[in-house]
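> Provided below are the primary sequence and the corresponding predicted coordinates.
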Amino acid sequence: MLRKQHFGVAEAARNGRIQPVAKHDPHEQLSRRERQIMDILWRRGTATAAEIQEEMAEAPSYSAVRALLAILVEKGHAESVQEGRRYVYRPTASRDRVRQQALGRLLATFFDDSAEALVETLLSRKDRKLSPEALERLRKKLDGDGGTQ
C-alpha cells in the first residue's frame, strides 16, 4: 500500500512532538537536490533512499536524502511504500506529464498561452542554435500534425 506519510511524522505531529507543516504547493519549483532525486526516480522507476544516495553526485548524508524524500512526498512529487524495514519511493507522475504541466504554466505565465510566441522565443536565441537535423525533425512534426496553436 502506498503511503503519503512516513518516518512517523504524522504520529509525532499528533503527539505534539513536532508542529504540523502546511502542505507545500505541488507546483513550486524543485531544489537542485530534489530535482536530482526526481531524475533518479524517473530513470529507475523505484528506489530506496540508499540507492538514491549511491547515484547522487556529491551525495549528501543518508539522513539528508531521507529528509529530501520526505519533502518530495509532502509536495506530492513522490510516494513511498514500506517493504520490510525500508521504504521504496516512486514518482507520482511521469516525467512527460510533469514537463507538460510545467510547459503549460510557462505558456500561461509568460506567453499568453501562445505556443507560437514560445517557439519564436526559443528560435530567436543566438546561444541555442538548432542543428539542421533537429530543425528537420521539427519540420516533420509540424507537417505531420499541422502544428497546433
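Thanks, I have it. The model shown is predicted, which means the values in this text are computed figures rather than measured ones.

> how deep is Ser80 tucked in, by neighbour count?
23 (other Cβ atoms under 10 Å). Every residue, glycine included, has its C-beta placed from N, CA and C.

> In a helix, Tyr87, correct?
No: Tyr87 is assigned strand when assessed by DSSP: H, G, I helix; E, B strand; the rest coil, not a helix.

> That one: neighbouring residues, count only.
Residues within reach of Tyr87, counting by other Cβ under 10 Å, total 19.

> the helices in this structure, which residues?
For the chain, the helices defined by DSSP state H occupy 9-14, 32-44, 49-55, 62-75, 95-110, 115-124, 132-145.

> Mean pLDDT lowest where, among those?
Ranked by mean pLDDT, the helices of the chain bottom out at helix 9-14, with a mean of 45.

> Kindly report the domain assignment for this structure.
As given by automatic domain parsing, the domain ranges for the chain are 2-91, 114-149.

> okay, the ones you listed, which one's buried deepest?
domain 2-91 (a mean of 15; mean count of other Cβ atoms under 10 Å).

> In CSV, list the helices of the chain along with distance to Val88.
Compiled in CSV, the helices of the chain are given as follows (distance: least, Cβ to Cβ, whole Å):
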stretch, distance to Val88
helix 9-14, 18
helix 32-44, 10
helix 49-55, 9
helix 62-75, 11
helix 95-110, 19
helix 115-124, 37
helix 132-145, 37
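
> of these, which approaches Glu83 most closely?
Nearest to Glu83, of all these, is helix 49-55, at 12.3 Å by Cβ to Cβ.

> With only the CA atoms kept, save the closest one in PDB.
Once non-C-alpha atoms are left out, helix 49-55 reads as follows in PDB (Å, rounded to 0.1, in the frame of the first residue of the first chain):
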ATOM      1  CA  ALA A  49      17.000   6.200  -0.100                       C
ATOM      2  CA  ALA A  50      20.300   4.200  -0.100                       C
ATOM      3  CA  GLU A  51      20.000   3.500  -3.800                       C
ATOM      4  CA  ILE A  52      19.300   7.200  -4.500                       C
ATOM      5  CA  GLN A  53      22.200   8.300  -2.300                       C
ATOM      6  CA  GLU A  54      24.500   6.000  -4.300                       C
ATOM      7  CA  GLU A  55      23.600   7.600  -7.600                       C
END
